[in-house]
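> next comes the sequence, and after it the predicted model I'd like to discuss.
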Amino acid sequence: MERGGCIYIMTNKNRTTFYVGVTSDLFSRIIEHQTHKYPNSFTAKYNLEFCVYFEMQPTIEDAIGREKQVKKYRREKKIALIESINPNWNDLWEEIKNW
């Protein structure tokens with residue numbers, strides 16, 4: 001049985017910086033970002049603690065491919081992607097943790 005994957009976008013409280021990531025365990029990965037488990041990481045340095053976008057993929061390989069695609073997007077296209085599912089830029093943590 002193949003394990004699926006997920007891409008996600010993290011941002012800070014002012015919504016000025018984005019991080020696009022990939023994981024097979026979104027719940028645990030978001031907790032790592034929120035708690036700054038890796039203090040020297042990009043997300044810790046810029047306080048990227050809010051998940052504003054995620055999408056599931058059938059396999060981790062598909063998720064990695066999609067992550068590479070989204071990382072190449074210009075800022076405007078990333079904003080459009082976020083707003084396509086989250087027009088108010090809400091932190092999706094409550095949805096993720098109750099999933």
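Arrived safely, thanks for sending. Numbering: from 1, shown residues only.
> what is the least confident helix or strand in the protein?
helix 93-97 (a mean of 93; mean pLDDT, DSSP states H and E).
> that helix: how far from the chain's middle?
From the chain centre to the centre of helix 93-97 is a distance of 12 Å (Cα atoms, centre = their mean, to the nearest Å).
> what's around the closest residue to residue 12 other than its chain neighbours, how many residues?
Nearest-residue entry for residue 12: residue 47, 4.9 Å, with adjacent residues in sequence omitted and distances by Cβ to Cβ, 6 or more residues apart in numbering. In this view, the C-beta of every residue, glycine as well, is placed from N, C-alpha and C. For residue 47, the neighbour count with other Cβ atoms under 10 Å is 15.
> does residue 47 count as helix, strand or coil?
coil (DSSP: H, G, I helix; E, B strand; the rest coil).
> ok, and the closest non-adjacent residue to residue 31?
Closest residue to residue 31 apart from its sequence neighbours, by Cβ to Cβ, 6+ apart: residue 37 at 7.8 Å.
> can you pull out the low-pLDDT segments for the protein?
For the chain, the stretches with pLDDT under 70 are 1-2.
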